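Enquirer: return a 3D structure for these sequence lines:
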Amino acid sequence: MNPEPIKLYSAEATRNLDNIAINEFKIPGYELMKRAGKATFDHFQNTYPLAGSILVCCGAGNNAGDGYVVAKLAHRAGLRVKVISLIDTDKLTGDAKLAWFDWHSLGHQLAHFSTELLNKSDVVIDALLGTGLQRQVEGEWAEVIEAINNSNKPVISVDIPSGLYADTGSIAGHVIKASSTITFIGLKKGLFTHHGVDCVGKLLFDNLSLPSGVYNRQAEQATLLDWEYLKRQLKPRKSSAHKHQLGHVFILGGDKGMPGAIRLAAEAALRSGAGLVTVVSHKEHTPILLAGRPEIMLNPSEDGHLSADFLSKASAVVVGPGLTNSDWSQNLLASALACSAPKVVDAGALRLLSKENGPRNDWILTPHAGEAAALLDNGADGEELINASTIQDSRFTSIEMLHLLYGGHIVLKGAGSLIQSPDQLIQLCPYGNPGMASAGMGDVLSGILGGLVGQGYSLGLATSLAVCIHSMAGDMAAAKGETGLLASDLFEFIRQLMNTDE
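Expert: Just a heads-up that it's a prediction; the model follows:
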């Protein structure tokens, strides 16, 4: 297997890479298909060395052709092989037809799909639907996919789990839940976000030995965050450093009765290296905010109005954790937006923003899907045209729209968090785990962002670093189990990651 690249491609771009290899570099298409089939079969043998039988499920197109190559290799290896097709093989064309003919010429016949056939197989090879999927999965296709999922048999998906849209990670009604997926030529965007993370299982990549010149002819559409690169961008502290050189972060939020979010954000800013952190909240929150963390400074505000002189001391402002739609919260947001310091806008503040507030280049917005829907929705008279589901089904398009309307740097949180910065490709975070789906995790991210910006990191680098550190800290904390993971469990690992090279 080849080392996993960091470039991400759309389905169309992957097809272009395939065509470039065939037409410009004169690599026969059937040769690429045979390489894909062999890579899949090698993965099968390495993963399930004791398996004696496989069921290869084929559909149409090159994905099916890969499946027939696997079936032929499995037969030659002495395995018991059954192959089903959900189309009339007379409809196969091109290289897929050649692959079917090579398998069929050995004297094999297609089997009829049944649960009995499924139950007698040790491993299932999913070669039903590839990256060209453009319709909902229904009828016999849906029945076969659900039967495979319900069988609890190990499943290897060829290139992409059948029923998953390669560009978005959304589901075409029904989708294979693979044990592993081996994808070829280019990593598809949808494998890393939304439902893709639930369906791919263990992900492997093989570039089918394409020359690097092929990739020079086709631009990628997104990139993966890479901690090995990013950690080298962390700035070591000088021996003479003092707190006033390391940033003074102001964290604004915590409406009445809601001190928890801002408390988490404040400690996260400190743990990520901020020299000073001042919280602006209600006076009644003082005991909760300072209990156990006396390093936090508190400046109470009765009405939410903050003077320009007061905020001039800030090297970064975080606004939003624990805000509501009260007058106090709206005044606090207005004060933050009038401040000249770079800003992180999160949580309750995002729901108070309007399109009239942007675009601007001095802020980082960190919406989850629901907040992103509120930022983008333009329905009249309260009519909801965009909701969280809409955002999730079009995450890449949604973040591009957010950036167009609001500018700055956008983090669209969720499985496979996305980052859009000016004049850059979308970045996708491959770290994180479902244990992080708990209250306060976003507040911790906001605090890390504020801490890094306050220390002088550019907004773009701070965003990439913070998203990566936050997700990796979550992974480290989840070593004791995902269920029950708390946002505050991340603190010790944030500190550890900020000191990686020490």
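Enquirer: what's the residue closest to the geometric middle of the protein?
Expert: G416 (1.0 Å; Cα atoms, centre = their mean).
Enquirer: hang on, isn't that residue packed against V197?
Expert: Yes: counting by Cβ atoms under 8 Å, G416 touches V197, with 6.0 Å between them. Backbone N, C-alpha and C define where each C-beta goes, glycine included.
Enquirer: got the buried residues for stretch 420-436?
Expert: By neighbour count on 16 or more other Cβ atoms under 10 Å, the buried set for stretch 420-436 is Q420, S421, I426, Q427, L428, C429, P430, Y431, G432, G435, M436.
Enquirer: among the residues you listed, which two are most distant?
Expert: The two members of those with the most space between them (Cβ to Cβ) are S421 and G435, at 27.6 Å.
Enquirer: nearest spatial neighbour of the residue nearest to the centre of the chain, skipping sequence neighbours?
Expert: Leaving out its chain neighbours, the residue that sits closest to G416 by Cβ to Cβ, 6 or more residues apart in numbering is T193, at 2.8 Å.
Enquirer: now swap in K153 and tell me
Expert: That would be V124: by Cβ to Cβ, 6+ apart, it lies 5.1 Å from K153.
Enquirer: for F113, same thing?
Expert: I84 is the one closest to F113 (Cβ to Cβ, 6+ apart), at 4.5 Å.
Enquirer: count the neighbours of the one you found for me.
Expert: 19 (other Cβ atoms under 10 Å).
Enquirer: could you list the buried residues of the one helix or strand it maps to?
Expert: Using DSSP states H and E, I84 maps to strand 80-85. With burial defined by 16+ other Cβ under 10 Å, the residues of strand 80-85 counted as buried are V81, K82, V83, I84, S85.
Enquirer: which neighbours do G416 and V197 have in common?
Expert: G169 (Cβ atoms under 8 Å, 6 or more residues apart in numbering).
Enquirer: ramachandran angles for T278?
Expert: phi -110, psi 130 (degrees, to the nearest 10).
Enquirer: state the helix or strand in which the residue lying closest to C199 once chain neighbours are set aside lies.
Expert: Take C199 and drop its neighbours on the chain: the residue closest to it by Cβ to Cβ, 6+ apart is P161, 4.3 Å away. Counting by DSSP H and E, no helix or strand carries P161.
Enquirer: quick one: P161 and S180 touch, right?
Expert: No: with contact defined as Cβ under 8 Å, P161 and S180 do not form a contacting pair (10.0 Å).
Enquirer: picking that back up, any idea how far A338 is from the residue nearest to G416?
Expert: Distance, T193 to A338, using Cβ to Cβ, to the nearest Å: 35 Å.
Enquirer: looking at those two, which is more packed in?
Expert: Neighbour totals were compared for T193 and A338, and T193 leads with 25 against 10 (other Cβ under 10 Å).
Enquirer: the more buried one contacts C429, correct?
Expert: No: counting by Cβ under 8 Å, T193 does not reach C429; the two are 9.1 Å apart.
Enquirer: now for those two: what residues contact both?
Expert: With Cβ under 8 Å, 6+ apart, T193 and C429 have common neighbours G416, L418.
Enquirer: list the contacts for L133?
Expert: With Cβ under 8 Å, 6+ apart, L133 has these contacts: S162, G163, L164, Y165, A166, A172.
Enquirer: so it: helix, strand or coil?
Expert: coil (DSSP: H, G, I helix; E, B strand; the rest coil).
Enquirer: now do it against T168, distance only.
Expert: For L133, the distance to T168 (Cβ to Cβ) stands at 11 Å.
Enquirer: ditto for K91
Expert: 27 Å.
Enquirer: compare these two (neighbour count), which wins?
Expert: Between K91 and T168, counting by other Cβ under 10 Å, T168 is the more crowded of the two (22 against 10).
Enquirer: the more buried one is in contact with H194, isn't it?
Expert: Yes: counting by Cβ under 8 Å, T168 touches H194, with 6.4 Å between them.
Enquirer: which neighbours do these two share?
Expert: By Cβ under 8 Å, 6+ apart, the residues touching both T168 and H194 are D393, R395.
Enquirer: flag the shaky bits of the stretch 401-502 of the chain, pLDDT-wise.
Expert: Flagging of the stretch 401-502 of the chain using pLDDT under 70 yields the residue ranges 501-502.
Enquirer: quick one, helices of it?
Expert: 441-454, 459-477, 491-498 (DSSP state H, counting those that start in this stretch).
Enquirer: list the buried ones in the lowest-mean-pLDDT helix or strand in the chain?
Expert: Lowest on mean pLDDT, DSSP states H and E among the helices and strands of the chain sits helix 286-290, with a mean of 84. Of all the residues in helix 286-290, those buried under the rule 16+ other Cβ under 10 Å are L289, L290.
Enquirer: show me what that helix packs onto, helices and strands only.
Expert: helix 260-271, strand 297-300 (3 or more Cβ pairs under 8 Å, 6 or more residues apart in numbering; DSSP states H and E).
Enquirer: nearest to G456, of those?
Expert: helix 260-271 (13.9 Å).
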